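1. Below: sequence and its predicted model.
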Amino acid sequence: MTGLSLTHCRSASCDFCFFCAVLLGLVIPPKTSKDEEQNVGLVLQILEDVLGVSLSHINPKDIVNQNEVAIGNMLQVFSGFVDGW
């Protein structure tokens, strides 16, 4: 998340800017794998709220443990999210 800044949102819609601001304000620099899981879980929770769909098939622990299926599912969600703008 360190490479994300609000400057990336300048040409995007207001909703995307809000999403970026929320992530920048809530995601903490991880010190442990538990912190990483919490960050992934938070991102998934926000995406669920914004998209109005359940993402319960994506387990934050699987993302942190580099499970290819879980990462593929999350990338698919991000792709759809970005395509919406």
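-> Cool, got the structure.
2. Could you pull up the contacting residues of I58?
-> Contact criterion C-beta atoms under 8 Å, 6 or more residues apart in numbering gives 44, 70, 73-74, 77 as the residues in contact with I58. Just so you know, the C-beta spots here come from the backbone N, C-alpha and C atoms, and that holds for glycine as well.
3. which SS class is it?
-> Assigned by DSSP: H, G, I helix; E, B strand; the rest coil, the conformation of I58 is coil.
4. distance of it from N67?
-> Counting by C-beta to C-beta, to the nearest Å, the gap between I58 and N67 amounts to 10 Å.
5. hey, what's in contact with both of the two?
-> Going by C-beta under 8 Å, 6+ apart, no residue sits against I58 while also sitting against N67.
6. and of the contacts of I58, the nearest to G52?
-> Of all those, the one with the least separation from G52 (C-beta to C-beta) is V77, at 12.4 Å.
7. State the helix or strand in which that closest one lies.
-> Secondary structure here is read from DSSP states H and E; on that basis V77 sits in helix 68-83.
8. What residues sit buried inside that helix?
-> Burial within helix 68-83, assessed by neighbour count using 16 or more other C-beta atoms under 10 Å, is assigned to 70, 73-74, 77.
9. quick one: contacts of that helix?
-> In contact with helix 68-83 (C-beta under 8 Å, 6+ apart) are residues 40, 44, 47, 50-51, 55, 57-59, 62-63.
10. Can you name the two of those that sit furthest apart?
-> Top of the distance list for these (C-beta to C-beta): V50 and D62, 21.3 Å.
11. Between these two, point out the one with more neighbours.
-> Set V50 next to D62 and count neighbours by other C-beta atoms under 10 Å: D62 wins out with 18 against 15.
12. what residues are up against that one?
-> Contacts for D62 (C-beta under 8 Å, 6+ apart) come out as 69-71.
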